[in-house]
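Peer 1: have a look; sequence and predicted model below, questions after that.
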Amino acid sequence: MKKRVVAMVLVGGRGTRLGDITKHTAKPAVSFGGKYKLIDFVLSNLTHASIDTVGIVTQYEPHALMQYIQRGSSWDLDLSDGGVHFLTPYTSHEGEKWQSGTAHAIQQHIHFVKSYRPEHVLILSGDHVYKMDYTKLIAHHEKNGADITVAVFKPTDDLSRYGVMSVNQEGAIIDFEEKPTQPKSNLASMGIYVFKTEILERILGDDCFEENDFGRDIIPKALRENYRVFSYFFEGYFRDVGTVESLFEANMDLIDHPEYLDIHNYDDLPIFTKTEDLPPHHNIASNAVKKSLISDGSLIMGKVERSIISSGVLIKSDAFIHNSIIYSNVKIGEHSELKNCIVLEGTVILPRTKLVFEQPTIIDNAFLWKMGDAK
Amino acid sequence: MNRLFAVIDATSKAQLGILSIHRMPGALPFGGKYRLIDFTLSNMKHAGVKNVAIFPYGNYRSLQDHVGSGKRWDLDRRQDGLFILPPKNIQSATQDMITFQRMHEHKEHFHRSKQPYVVITQANIVWNIDFNEALDHHIESQADITEIVTERARIKTYILSKEKLLEYIINYDTIPYKTIQEVFISAPSISTNTYYHKGYSRYIFDTYNYMKANLDMLRFDRGRQVFLEARPVLSKEKTAPPVRYEASADVHNSLIASGSIINGRVINSVIGRDVLIKKGAIVENSVLMNNAVVEEDAHITYAILDKSTVIRKHTVLEGTLQDPYVTQKYQLVTEQTHIHVLQVASEMTPFIKTGGLADVLGGLTEHLVKLGIKVSVILPLYKQVRKNFEESLKKVFTQEVVYDQETYQITVHSLEYKGATIYFVEHFKYFSRDEIYGYKDDCDRFAFFNKCVVEMLEHLDNFNLMHLHDWHTGLIPLILNEKNIDLKTLLTLHNIDYQGVCNKETLTRLGLTHTIVQDKELNFLKTGILNATKLSTVSETYRDELRYDYYGKNLTESLLRRERDFFGVLNGISNKQSPAQDKVIVSQYSTKHPEGKLENKRYLQQEMGLEKDDNAFLIGSVTRITEQKGFEIIIPALERLFEQHQDVQYILLGQGDANFVNGLRSLESKYPNRIKLNIGYDSANPNHIYAGCDVFLMPSRVEPCGLGQMIAMRYGTVPVVRQTGGLADTVRGYDPVTNRGTGFSFFNYDIDSLEHTLKEAYHVYKTNPTIWKKLIRRDMESDFSLLRQANKMFELYRLTIGN
């Protein structure tokens, strides 16, 4: 079955900077905005672009993610030709294939790509928060007759976290620096690439090393070898939520700047997610919820301000939750107070617990036990 | 565990009014994110039922959309699965419950089903039941049929063996029972068993129950009996973001589904997906479906907003729990405090009256004015009106109107009546005659009248809406269209027996080409039906019945075409008509002091020469004695009843067909002390009958609205009616299992059913005085006021304007 574009979504990394949030889940399976998981953004963008053949390249704790995505029906990606495929490390006659670099991970599954004989391969990360119309990216790539197109954006934070691109007037990339201390440009790579299939195959070749990475190794190599490498400038909201702080901030952006992701607007690339069979949330409190997002199945008896409440959460009366993110199935007892908390799934907070912090802090049962021991 | 297959009965249209115009009851959104059928389908899934057949009536697209392949309930299977089995005869009248005949149309399905037991249940019950437990109960009982009931009501749910059901299906045309319910209640040779479902349940057949069940979900004890963690209610998957509370949100005990944005105040309400409540808006005790919008400073109370309704700024909507304000899909509801409506009709009380229309229009006008609506009325100036109202009439203007190539001059007079302005069109040739109807040129007269009305508009204020009545105004929407005048019209059908049919020459006389009407003849009423913005008739059930040839006659097709714009609004009766204020009856009474009713019964028995007996079961009728009113079945059914019971009495006031009168007379001569007939309308005051009888008999074959039953109920006289038209909308049949109801009713138009129902009433009257008193109290408390009618009509006006 021939496909014009095949997407490869890299979900391998553990995301160690997210600490205990990723103790048992890969980063793309991390909850976001009360109802979503990070992977929803990529899968929704793909389905809107009618890119229906998707390889999900996994490695770290893939089960939660596999269970979540299943056959992709929540994103209309459950097709008989194409659809969602989980690509896990495997053993072959060449020995064990455990990937560590992004490019190496793709090279390992190049047979999967080739089986669809696509013209282009779209390489994505499963842990970014953004709404993007990939059809524009691909059209841009084709219009330029590019071998490789790299999506770029202007970060609002420290450029030295990113791969920084210098481009000429036509948008061709002329220089690339990985995590520069003195960046020459303000355009950073989003980690989103379009390759002509034959170019991808050629560049990855046979000598792709385990630690080979698209940003650090492949793009500089392509520039050296004079391939046509173009940039595609993305104006929309984009966050790589690699740290607890950035994850917290991106969540709070939903409350403070609803226009950024505009999740309540379905005309513009709605974000699909797997829904649970839960009734609407029941707010029993009186005039106690302000500036917050509340998900299905929750029961709210206490006070909630500038917070995100996921599904199936119980907040007892006289509890006060502010500036916090509560993951699903959390129970919060009476007279508790939470500030700047990220409370992980299933945590039980006993009555009269005070969890008031100045910095975003991850709370789970283990944390609470420790806290109890300390007392 | 594959012991059971299921028949989901979605054949009943229920009494959900506007809510079921676009969908069947099973597809009705509920509880913020569900559809009613989700509850029953989820119950099936959790019981491991893999073979489910849904029997829908007519338009089942919305249901089909929702259930899809049944995947959500694990019903997309290679073997068995989900079947939607539509009626083979679309025109067959809707029934109370699925009939064996209806199942016979798909008898192969029953043969093919391998499971030994079958559950027959409804698509519109809110509940969470374990069918396996019910099935075990059935098997242990060794009964033929088990009925599943709840504390609250009978929910038309039965379990029996496939074998037994097949017997009934195959023999549907030879057995005397049409439904499994009839078998359960009446069949002598079967053994029955009852299974009580303890959890919450409500059968949603009208807007009250719909509203109540939604609000019940806000009560912790009730909601949690339906949304069980172990048996979740499954619905079609849809994604929406979490609910967004803004800083100005002020929410009190509400269920709010995903995607909604709350800026305003929400109290005790159920909010569906993607609803927007703007700043300063107040939503109280209401049910909002998906995508509804309530704009700034609007205030809604006890309202049901259908999908995508928009309530504009500052709009106030107020319903009650019993009678919620209901909007239609995509309706735009604007403030409209200064709405101005123009009524056009051929007659109106107190100016001129030949039939019920005049009273309805008089009462409606008076009460619309009370609601703050500006009302004007246009009537022809008949000779009688001129004679009786000469002094009050004020000449307003004259105008030239061309008809049949001649230019006529009309003079328009007006007078003020109870806050409304009444305009009279004076034209010597056409209107100044001794009678109002019955002339050869009636069609010309009213075609001319219709043209006058349109031509007059430029002299009058601007109207938001024109409300037209019956065939006499039927050409107005067409004339407006042809003249490109953008004025919304609502045409009410009071009586479809008169349609105004004439030669198409009339169109030419109006200055129109006769090709704009396709038929061979010009039919005023049909033309009105096809061209008015919205249509209404005098009850919701009658509205539904008109879809069938049996009721709708030659208009069925055009009415079906306008089905989405056709509504039912029940007529009302004056509050002055009440046993507490009635000076005619011998003893006044009320719900607080009901004792006076017995005095009236004694007086009636004495005056009419019936045996004096406080305990006699006294049946009364005030009616025209015609076939339509049910006399074909009344006479033989009464005869049987009199043969069997000595203490039954009957008194009738009315006039009509000689055949039936003779039949009644011979019955009277057979039981002279127990039956008294008053033939001729002026022989006695009907109020004595309304007040003095125990039961009011009105088993009409056709009854668009009916007022007698409403008056009787207000006087605490329990109605015995056939479930048709307005009778079905006003009388709720008594159910001995739950003790609910306001009267006694039956569906099938035959002698057996009437006899059976009369005996049922007799039985309750004789054996259960506590219940009988309750029935009387419920009847007297029923609200059939003109104000209620005016409120509902106002809802419809807003709907017509907002379209």
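Peer 2: Cool, the structure landed.

Peer 1: so, low pLDDT: which residues of chain A?
Peer 2: Applying pLDDT under 70 to chain A flags the ranges A:1, A:12-16, A:90-100, A:206-211, A:374-375.

Peer 1: switch to 80 and redo it
Peer 2: For chain A, the stretches with pLDDT under 80 are A:1-2, A:12-26, A:59-62, A:89-101, A:206-211, A:372-375.

Peer 1: just the stretch 1-150 of chain B next, same as before
Peer 2: By pLDDT under 80, the low-scoring segments of the stretch 1-150 of chain B are B:1, B:12-15, B:21-22, B:57-62, B:88-96.

Peer 1: the strands in it, which residues?
Peer 2: Secondary structure of the stretch 1-150 of chain B (DSSP state E, counting those that start in this stretch): strands at B:4-10, B:29-30, B:34-35, B:51-56, B:81-84, B:117-122, B:125-127, B:145-150.

Peer 1: out of those strands, which is closest to chain A?
Peer 2: Counting by Cβ to the nearest Cβ, chain A lies closest to strand B:34-35 out of the strands of the stretch 1-150 of chain B; the figure is 7.9 Å. C-beta coordinates here come from the backbone N, C-alpha and C atoms, glycine included.

Peer 1: find the nearest non-adjacent residue to A:Asp268, please.
Peer 2: A:Asp262 (6.1 Å; Cβ to Cβ, 6 or more residues apart in numbering or on different chains).

Peer 1: is that neighbour in contact with A:Leu254, as I believe?
Peer 2: No - A:Asp262 is beyond contact range of A:Leu254, at 9.9 Å (criterion: Cβ atoms under 8 Å).

Peer 1: turn the strands of the stretch 1-150 of chain B into JSON lines, columns for mean neighbour count and distance to chain A.
Peer 2: Below are the strands of the stretch 1-150 of chain B laid out as JSON lines (neighbours: other Cβ atoms under 10 Å in any protein chain shown; distance: least, Cβ to the nearest Cβ, whole Å):
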{"stretch": "strand B:4-10", "mean neighbour count": "26", "distance to chain A": "20"}
{"stretch": "strand B:29-30", "mean neighbour count": "26", "distance to chain A": "11"}
{"stretch": "strand B:34-35", "mean neighbour count": "24", "distance to chain A": "8"}
{"stretch": "strand B:51-56", "mean neighbour count": "23", "distance to chain A": "18"}
{"stretch": "strand B:81-84", "mean neighbour count": "19", "distance to chain A": "17"}
{"stretch": "strand B:117-122", "mean neighbour count": "23", "distance to chain A": "21"}
{"stretch": "strand B:125-127", "mean neighbour count": "26", "distance to chain A": "12"}
{"stretch": "strand B:145-150", "mean neighbour count": "23", "distance to chain A": "21"}
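
Peer 1: which of the three states applies to the nearest residue to B:Asp144 once chain neighbours are set aside?
Peer 2: Using Cβ to Cβ, 6+ apart and skipping the chain neighbours, the partner closest in space to B:Asp144 is B:Ile190 (4.2 Å). Look at B:Ile190: counting by DSSP: H, G, I helix; E, B strand; the rest coil, its state is coil.

Peer 1: roughly how far does B:Ile190 sit from A:Met8?
Peer 2: Note on B:Ile190: its distance to A:Met8, by Cβ to Cβ, to the nearest Å, is 66 Å.

Peer 1: do A:Ala288 as well
Peer 2: Separation of A:Ala288 from A:Met8 (Cβ to Cβ): 46 Å.

Peer 1: one more: B:Leu796?
Peer 2: Taking Cβ to Cβ, one finds B:Leu796 at 59 Å from A:Met8.

Peer 1: and the pLDDT at B:Ile679?
Peer 2: B:Ile679 carries a pLDDT value of 84.

Peer 1: and it, how many residues sit next to it?
Peer 2: 14 (other Cβ atoms under 10 Å in any protein chain shown).

Peer 1: so which of the strands of the stretch 1-150 of chain B is nearest A:His335?
Peer 2: Closest approach to A:His335 among these is made by strand B:34-35 (34.3 Å; Cβ to Cβ).

Peer 1: so what strands line up beside the closest one?
Peer 2: strand B:29-30 (antiparallel) (DSSP bridges).

Peer 1: neighbouring contacts of the partner strand?
Peer 2: By Cβ atoms under 8 Å, 6 or more residues apart in numbering or on different chains, the residues outside strand B:29-30 that reach it are B:35-36, B:38-39, B:126, B:204, B:210, B:213-214, B:272, B:289-290, B:307.

Peer 1: tell me the contacts of A:Thr53?
Peer 2: Going by Cβ under 8 Å, 6+ apart, A:Thr53 touches A:3, A:5-7, A:82-83, A:116, A:118.
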